[in-house]
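Student: Here is my input, please return the structure:
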Amino acid sequence: MNNKVYIVTSGEYSDYVIERVFLDKQKAEAYVRVCEKSKLEEYEVADQEIFIPINYLLINYTSGYFNMRGYTLHTTNTVDDPNIFNWTSFSYYKNYYEISLKRIIYTKEYDAEKLGEKYLKVCEDLKTQIDALLQLEGWTPKMIEEWLKTKIPESE
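Tutor: Alright, predicted model coming up:
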């Protein structure tokens, strides 16, 4: 079975249209030769993929200011999908720093208010630890960034 489809298109931007879809590349190429201004596009078929919604939170904490936003990302349920991961980043500026986190939530049933309280506490705890590392231990922002990579918890 062919794992590709061949789409004949024409136009650009708002004039973009799909003229035909083929499973056979030779038929698609023959159609393009006959039609003026048509282009051939080739795409992998993803029928074997299982798509599930993945909820995630983006948390930003800057100089005591806390901001949490929830998002839903539709992606595949595959191990090699680069979009399914938690991360923590640290940015240091002259007079302040920023902590940013992304946390995956695999359930549709969650309490946003409780998660907000939890991650506000997480950010405040991280701020206390970072302040101590910067001021008392003499760590550099790069050292803190590396240390934060070890602080990424499992998903909710």
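Student: List the beta-bridge partners for Ser89.
Tutor: Ser100 (DSSP bridges).
Student: no wait, Tyr56
Tutor: As assigned using DSSP bridges, the partners bridged with Tyr56 are Tyr71, Ile104.
Student: isn't it right up against Ile104?
Tutor: Yes: using Cβ atoms under 8 Å, Tyr56 is in contact with Ile104, at 5.0 Å. Placement of C-beta: from N, CA and C, glycine included.
Student: So these two - more neighbours on which side?
Tutor: The neighbour comparison of Tyr56 against Ile104 (other Cβ atoms under 10 Å) goes to Tyr56, with 21 against 16.
Student: Test of understanding: give the bridge partners of Ile7.
Tutor: Val21, Glu41.
Student: confidence score at it?
Tutor: Ile7 carries a pLDDT value of 95.
Student: I'd like the distance between it and Glu36.
Tutor: 17 Å (Cβ to Cβ, to the nearest Å).
Student: These two: which is more packed in?
Tutor: Between Ile7 and Glu36, counting by other Cβ under 10 Å, Ile7 is the more crowded of the two (15 against 7).
Student: can you tell me the helix or strand for the residue lying closest to Tyr61 once chain neighbours are set aside?
Tutor: Distances taken as Cβ to Cβ, 6 or more residues apart in numbering put Cys123 closest to Tyr61, at 3.7 Å, once the chain neighbours are dropped. Using DSSP states H and E, Cys123 sits within helix 112-135.
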